[in-house]
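Visitor: Provided below for reference: sequence and predicted model.
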Amino acid sequence: MIKKLTNFFVTALLTYSYSINAQQTSDFETWNALGIQKKLFDNNLTLSLSEELRLKDNSTKMDQFFTEFGIKYKFLEHWTIGAGYRIIRENEGDNEPNSKKNRWNTDLGFKHKIDRFTFGYRLRYQYKSESGISKDDGDIPIQKLRTRLKVNYNIKNWKWDPYVAAELFWTKQTINVDNYIPSIDEEDIEIAGMQKIRLTVGTSKKIKKIGQLNLFYRFEHEFNKYPYSYIEMSDWSTQSHGPIDMKNWHIIGINFNFKL
């Protein structure tokens, strides 16, 4: 059964990504992370610290480098709440210095088992802003609401348990209209809409007394109707406009978390 499910998911994922790539540009990225975790209070409280490097432009240039602190608490058997904070160095382009940004997130999760399957649901709110700059000084915060479904399968007598996941991103941010709609003479505005979907297939292995290794392939697609909803656009808010410079991402990732 698991073999059929895996084959179906991989075939559907490759077919979907191929059909999209025929119309839009793509990039290949690699995400590499190293972290530590500490569980307390009968494993109900988890503290984490990690460093991650992400490469873009066919993995030839740095995209982001960040340090992340996290905390998660399990309650009522199936539920978890959590929070995280990132200090990010982000590549803004060849002619721009790497910017320093902050990102906060809060999570609500629910997990349950059916036979050898584990189903996990997560709702995340995140807020990203430029470090040291207030909104009045030109900071452009980005807010996202993310919903994720993750399914793990425990294979008997096999240590590399597979998983699949799907995540939707709703985003609210400020943009410069000239970059999107050159024909309109307007300054920065707020936009909001369903931005992208993230699909992941991966496997993980627990290494006794040391930690856990995670390997994955991830595909991201930005919807060609984003941004479709405009906020505070006065008399031209009902105008429709075509898609603009959308992109797909193929990502290979590896991370290892040491257990303290």
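Guide: That came in fine, so what should we check first? Residues are numbered from 1 along each chain as shown.

Visitor: Name the residues that touch the helix or strand harbouring residue 255?
Guide: Element membership of residue 255, judged by DSSP states H and E, is strand 247-259. In this structure, residues lying in contact with strand 247-259 by C-beta atoms under 8 Å, 6 or more residues apart in numbering are 17, 20-21, 24-39, 48, 50, 52, 202, 209-222. For glycine as for every other residue, the C-beta is placed from the backbone atoms N, C-alpha and C.

Visitor: buried subset of those?
Guide: Buried by 16 or more other C-beta atoms under 10 Å: 17, 20, 29-31, 33, 35, 37, 48, 50, 52, 202, 211, 214, 216, 218-222, out of the contacts of strand 247-259.

Visitor: Output the below-cut-off pLDDT ranges for the stretch 151-260 of the chain.
Guide: 176-188, 225-246 (pLDDT under 70).

Visitor: show me where it has helices.
Guide: In the stretch 151-260 of the chain, the helices defined using DSSP state H, counting those that start in this stretch lie at 177-180.

Visitor: I'd say residue 217 and residue 203 touch.
Guide: No - with contact defined as C-beta atoms under 8 Å, residue 217 does not reach residue 203; the gap is 10.0 Å.

Visitor: picking that back up, indicate each strand paired with the strand holding residue 255 and its parallel or antiparallel sense.
Guide: strand 25-40 (parallel), strand 211-222 (antiparallel) (DSSP bridges).

Visitor: Contact partners for the closest residue to residue 146 other than its chain neighbours?
Guide: In space, and not counting its chain neighbours, residue 146 is closest to residue 124: 4.3 Å by C-beta to C-beta, 6 or more residues apart in numbering. Neighbouring residues of residue 124 by C-beta under 8 Å, 6+ apart: 105-108, 144-148.

Visitor: quick one on the thing from earlier: kindly reformat the strands paired with strand 247-259 as CSV containing distance to residue 90.
Guide: Formatted as CSV, the strands paired with strand 247-259 follow (distance: least, C-beta to C-beta, whole Å):
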stretch, distance to residue 90
strand 25-40, 14
strand 211-222, 17
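
Visitor: out of those, nearest to residue 260?
Guide: The closest of the strands paired with strand 247-259 to residue 260 is strand 25-40. By C-beta to C-beta, the value is 4.3 Å.

Visitor: Contacts for the closest one next, please.
Guide: By C-beta under 8 Å, 6+ apart, strand 25-40 touches 45-59, 63, 68, 211, 218, 247-260.

Visitor: let's go with 6 Å and repeat that
Guide: 46-56, 58-59, 247-260 (C-beta atoms under 6 Å, 6 or more residues apart in numbering).

Visitor: Which ChimeraX command selects the buried ones in those residues?
Guide: Command for ChimeraX that selects the buried part of the contacts of strand 25-40, burial taken from 16+ other C-beta under 10 Å:
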select :46,48,49,50,52,54,55,56,59,248,249,250,251,253,255,256,257
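
Visitor: and residue 160, how many neighbours?
Guide: By other C-beta atoms under 10 Å, the residues close to residue 160 number 12.

Visitor: Now it. Nearest residue, chain neighbours left out?
Guide: residue 203 (4.6 Å).

Visitor: so what's that neighbour up against?
Guide: Residue 203 touches 160, 162, 215, counting by C-beta under 6 Å, 6+ apart.

Visitor: quick check, nearest of the residues you listed to residue 79?
Guide: Out of the contacts of residue 203, the member with the shortest distance to residue 79 (by C-beta to C-beta) is residue 162, at 24.8 Å.

Visitor: Would you state the strands of this protein in chain order?
Guide: 25-40, 45-56, 61-75, 79-90, 99-114, 117-130, 142-153, 161-175, 189-207, 211-222, 229-231, 247-259 (DSSP state E).
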